[in-house]
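Peer 1: sequence-free structure coming up:
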């Protein structure tokens with residue numbers, strides 16, 4: 001088994017996490033899926049004009065797979081087909 005970690009963008013709530021987890025778990029060869037919304041937290045800051053900013057860090061999907069049955073490209077395709085993005 002191999003573990004593939006995806007940086008998932010566009011997730012904003014628990015429902016998004018569940019959606020990503022569901023589409024990944026449905027792929028043949030996927031053994032285990034753990035999806036977290038914002039593993040690094042939420043960045044907060046201030047712009048030059050003193051307005052507040054909030055930056056959401058990408059979510060993360062840790063997927064344990066059978067490499068003979070599924071690869072990273074298939075995982076990325078499933079996530080993007082569900083309406084989310086995948087970073088590098």
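Peer 2: Arrived safely. Predicted model, so just to flag it, every value in this text is computed and none were measured.
Peer 1: mind listing what the closest residue to residue 82 other than its chain neighbours touches?
Peer 2: Among residues not flanking residue 82 along the chain, residue 23 sits closest, at 4.6 Å (C-beta to C-beta, 6 or more residues apart in numbering). In this view, the C-beta of every residue, glycine as well, is placed from N, C-alpha and C. Contact analysis of residue 23 by C-beta atoms under 8 Å, 6 or more residues apart in numbering lists 78-79, 81-82.
Peer 1: Residue 34 now?
Peer 2: Contact analysis of residue 34 by C-beta under 8 Å, 6+ apart lists 21, 61-63.
Peer 1: which ones among those residues are found in helices?
Peer 2: residue 21 (DSSP state H).
Peer 1: which of the contacts of residue 34 sit farthest apart?
Peer 2: Pairwise distances across the contacts of residue 34 (C-beta to C-beta) peak at 10.6 Å, for the pair 21 and 62.
Peer 1: what touches both of these two?
Peer 2: Joint contacts of residue 21 and residue 62 (C-beta under 8 Å, 6+ apart) are 33-35.
Peer 1: Tell me which of the residues you listed fall in strands.
Peer 2: 33-35 (DSSP state E).
Peer 1: ok, those vs residue 8, which is closest?
Peer 2: Set against residue 8, the nearest of these by C-beta to C-beta is residue 35 (7.2 Å).
Peer 1: Check the burial of that closest one by counting its neighbours.
Peer 2: By other C-beta atoms under 10 Å, the residues close to residue 35 number 24.
Peer 1: now do the one 3 residues further on
Peer 2: For residue 38, the number of neighbouring residues by other C-beta under 10 Å comes to 15.
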